[in-house]
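J.: let me see the structure of the following:
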Amino acid sequence: MVTRPWQSRLGPSLVGPSLLATVSLLTTAGSAIARSVYVPACEPTPPNHYAVIVFAPTYLDDIRAVLPPGATATVCAANPSRQDILIKIGHFPQANNAHGFAGRIRADITTAVEVRNAAGEILPSPFTPASGPAVPPSPPNSAGVPALY
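T.: As a prediction, the model looks like this:
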């Protein structure tokens, strides 16, 4: 069993009703032996909208503290069978707004952030300086992540 550092920190009180948690505890002599957490699949982004994807679910509280009015942050799994857990923020009707918020997250919280369209394609930021790379570096474990967000 692969242990991910954020699994023990996720729970209904931390992520709210958007996370359906199934917890199974087996006890022997009063000690916990196993615990599993189910994270639902990410909902698709509506057509002509954009989502900010953060590949570091441990930053949920920090992200919620800076959310723009009307935006939601959801912990979900891009690939439920592998439990590729991420934070999806959206749905932004304009790409520039999504890129602006992603830039704030990148500067203040974590660099493991992308903007994706409804088809799941990564959008390069229009705010990237000409001397810098056109596409931000790939976040950890993003290889093979389906376009489910």
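
J.: lowest-confidence helix or strand of this protein?
T.: Every helix and strand in the chain was compared by mean pLDDT, DSSP states H and E; the lowest is strand 27-28, with a mean of 37.

J.: put the alpha carbons of the lengthiest helix in the chain into CSV.
T.: In the chain, taking DSSP state H as the definition, the longest helix is helix 95-108. The C-alpha coordinates for helix 95-108 follow below in CSV (Å, rounded to 0.1, in the frame of the first residue of the first chain):
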residue,chain,number,x,y,z
ALA,A,95,-8.5,32.4,-19.2
ASN,A,96,-6.8,35.6,-18.0
ASN,A,97,-8.7,35.4,-14.6
ALA,A,98,-7.6,31.7,-14.2
HIS,A,99,-4.0,32.6,-15.1
GLY,A,100,-4.1,35.6,-12.7
PHE,A,101,-5.2,33.4,-9.8
ALA,A,102,-2.8,30.6,-10.8
GLY,A,103,0.0,33.2,-10.7
ARG,A,104,-1.0,34.2,-7.2
ILE,A,105,-0.9,30.6,-6.0
ARG,A,106,2.4,30.1,-7.8
ALA,A,107,4.0,33.1,-6.1
ASP,A,108,2.5,32.7,-2.6
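
J.: can I get the helix or strand just after that helix as CSV, trimmed to CA atoms?
T.: With elements assigned by DSSP states H and E, the helix or strand that comes after helix 95-108 is strand 113-117. C-alpha atoms of strand 113-117 as CSV (Å, rounded to 0.1, in the frame of the first residue of the first chain):
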residue,chain,number,x,y,z
VAL,A,113,-0.1,24.7,-10.4
GLU,A,114,-1.5,24.7,-14.0
VAL,A,115,-4.4,26.2,-15.9
ARG,A,116,-6.4,23.8,-18.0
ASN,A,117,-9.3,24.3,-20.4
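
J.: so strand 113-117 versus helix 95-108, what angle?
T.: Angle of strand 113-117 versus helix 95-108, following axes from the mean of the first three to the mean of the last three C-alpha atoms, to 10 degrees, is 170 degrees.

J.: alright, calling it a day.
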